[in-house]
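*Asks:* requesting a structural model of the entry that follows:
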Amino acid sequence: MTVNNQQLKEFLIDSGLVPRTDIEIAEKRAIEKKLYLGDTLVANGKLTEDDLHRTEAYILGIPFVGLLGQKIDLDVLSLIPEPIARKHNVVAFKKTPTALEVAMLDTDDLTAIDFIKKKVGLKILPRLTDKESMKSALLQYQKSLKAEFGDIIEKEASALKLVAEGVGEENRSEEDLKKLAEDLPVVKIVDTLLNHAIIQGASDIHIEPMDAHVVIRYRIDGLLHDAMILPKNAAAGIVARIKVLANLKLDEKRLPQDGRFKIESAGEKVAFRVSTLPVYYGEKTVMRLLRESVSGFTLEGLGFHGIGLERIHAATKQRVGMILTTGPTGSGKTTTLYTVLDILNQPDVNISTIEDPIEYQMTRVNQTQVKSEIGLTFANGLRALVRQDPDIIMVGEIRDNETASLAVNASLTGHLVLSTLHTNSAAGAMPRLLDMDIEPFLIVSTVNVIIAQRLVRRLCATREKYFLTPAEISALKATVDLDRVMKVLKEEGLVGPKAEWKEVPFYRPKKSDESEDGYKSRVGIHEVLKMSPAIRDLIMKNATATEIETQAKKEGMITMLEDGLIKSVQGLTTIEEVLRVVSE
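*Replies:* I've put the predicted structure just below:
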């Protein structure tokens, strides 16, 4: 029993929950991509996931339950084993003498209902819930990271002490280290570390040896958080175990090493990119988590809107030229490129990529991994790609003059080229390309659009509304052009036609069961620079990045800072968060 596109469309039109024009646009995309209309509306930001599930529940006549932040009795939760709960997205949350209420994402999952009924011997009452509620409930199966590590270390204390005994730290042979890496307590610690990082949505794990202990930190939503402090004698075993997984040299501690490995946790495939570095107290290990199953992004879902969104869609309709994304490491550049690739990924085109690393796997896209140690660099890989009859080429990163030159030439010879650059702004990409010895006339002939971006932390649904004081408005005016921002807010219908800044609401984070600091996940803030005749003239005259940006703003470009303020008004983030990540 599921809701089909027609049922959902009719209900939304009758209820007025979403404007008819927005439904028709989403319906067209859903038909083209063979997607569910509800998912398309959510991705486009026209409907919240919570509202979608409530609507589906109403149409189907099934009660809806929100479990976000709700503490479930462990005895009730445990009635459904965790592997079944995760596989079928079903959790038990309320029990009476005769019945068990279970929350599900798909109430049509008869296999799960039948299993639970046989196991508990009670009447099963299915309830619909949303993904965030399900995620929150599933997290309750997990003990806290501190408790789990504490249990392992306490149980295996004697075994861990053996790590520090016997052969001296610096004199351990490869055989000793291999044996150490296979010790049960070490394996348990590393497995726990990796699984909790995945569950908590970490992007990186840092393992840092200190004088008397080892600090483990997770980067979550762009910020590092202390996860655990372990005894110093656990360091050698943990590093050895990670080296075994990543196929690195166990006895090499004087030089940095890089490697990769892959695991599956809770039905999700995750690749870990490992980097080890000699430091004063041993070896620091950093692991970047790359979730290979991540897909289904849309430009709207990433935070693009208005004129910037229109410019990117126009650039995707070009069959030659370059689309560049810029920003620091970890700003979401590659995710944006993959989303553009998803739009371009049609049966009538050949798409080839050269990447380091391959972060997401895409169907019908030929993806090549850089292997510098055997001579397969970005430049050499790109040379090979242009002989593979591609229509669209994605180069993971333009790092040097040779790669830049080859990418420009590829875009001149009938290919659409997508790539990333490390610059602070969209306008800053021009001087960067000139630094790489690309002639100005080649830049203006090839570049279609340049996207600059940062990631800001997203506010939780529980947040506090407030209004700016006159003093705060004056202080903000010194940083950003408020008149330009207000014009965009009015054009996009986010405020009334006669609104003033003192009437515009902003939001602060508020501590809740969902999040300690009031933030959860991230959203992009962007600026999209289109190559126009006026900007072409400025580049040919060797204009500065500031002059190019000034002209781009005259032509309607919204800067990252301005976009951040717009998203603050929408309640997606805070002014403080935007100012933290953007400096002008």
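*Asks:* neighbours of Asn542, just the number please.
*Replies:* If you count neighbours by other C-beta atoms under 10 Å, Asn542 ends up with 11. For every residue, glycine as well, the C-beta is placed using N, CA and C.
*Asks:* mind pulling up the pLDDT for it?
*Replies:* The model reports Asn542 with a pLDDT of 90.
*Asks:* so is Leu224 in a helix, a strand, or just coil?
*Replies:* strand (DSSP: H, G, I helix; E, B strand; the rest coil).
*Asks:* touching, it and Val215? I think so.
*Replies:* No - with contact defined as C-beta atoms under 8 Å, Leu224 does not reach Val215; the gap is 10.2 Å.
*Asks:* tell me, how many residues neighbour the residue nearest to Leu245 when sequence neighbours are not counted?
*Replies:* Excluding its sequence neighbours, the residue lying closest to Leu245 (C-beta to C-beta, 6 or more residues apart in numbering) is Phe261, at 4.3 Å. When neighbours are counted by other C-beta under 10 Å, Phe261 registers 18.
*Asks:* the host helix or strand of Phe261: which residues count as buried?
*Replies:* Element membership for Phe261, per DSSP states H and E: strand 257-265. Burial within strand 257-265, assessed by neighbour count using 16 or more other C-beta atoms under 10 Å, is assigned to Gln257, Gly259, Arg260, Phe261.
*Asks:* burial of the closest residue to Asp356 other than its chain neighbours, as a residue count?
*Replies:* Leaving aside its chain neighbours, Asp356 sits nearest to Val370 (3.6 Å; criterion: C-beta to C-beta, 6+ apart). If you count neighbours by other C-beta under 10 Å, Val370 ends up with 18.
*Asks:* over to the one 3 residues further on?
*Replies:* Counted with other C-beta under 10 Å, the burial measure for Glu373 works out to 7 neighbours.
*Asks:* low-confidence stretches in the stretch 101-250 of the chain?
*Replies:* 142-172 (pLDDT under 70).
*Asks:* can you give me the strands for it?
*Replies:* 123-128, 204-209, 213-220, 223-231 (DSSP state E, counting those that start in this stretch).
*Asks:* export these to JSON lines and tack on distance to Ser136 and mean neighbour count?
*Replies:* Compiled in JSON lines, the strands of the stretch 101-250 of the chain are given as follows (distance: least, C-beta to C-beta, whole Å; neighbours: other C-beta atoms under 10 Å):
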{"stretch": "strand 123-128", "distance to Ser136": "15", "mean neighbour count": "17"}
{"stretch": "strand 204-209", "distance to Ser136": "23", "mean neighbour count": "20"}
{"stretch": "strand 213-220", "distance to Ser136": "16", "mean neighbour count": "20"}
{"stretch": "strand 223-231", "distance to Ser136": "19", "mean neighbour count": "15"}
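*Asks:* quick one, which of those strands is nearest to Leu105?
*Replies:* strand 123-128 (7.6 Å; C-beta to C-beta).
*Asks:* got the CA positions of the closest one in CSV?
*Replies:* What follows is strand 123-128, C-alpha atoms only, in CSV (Å, rounded to 0.1, in the frame of the first residue of the first chain):
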residue,chain,number,x,y,z
LYS,A,123,-0.7,-7.7,17.3
ILE,A,124,1.5,-5.4,15.2
LEU,A,125,0.3,-1.8,14.7
PRO,A,126,2.3,-0.2,11.9
ARG,A,127,2.9,3.6,12.0
LEU,A,128,4.5,5.8,9.3
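*Asks:* brilliant, that's me finished.
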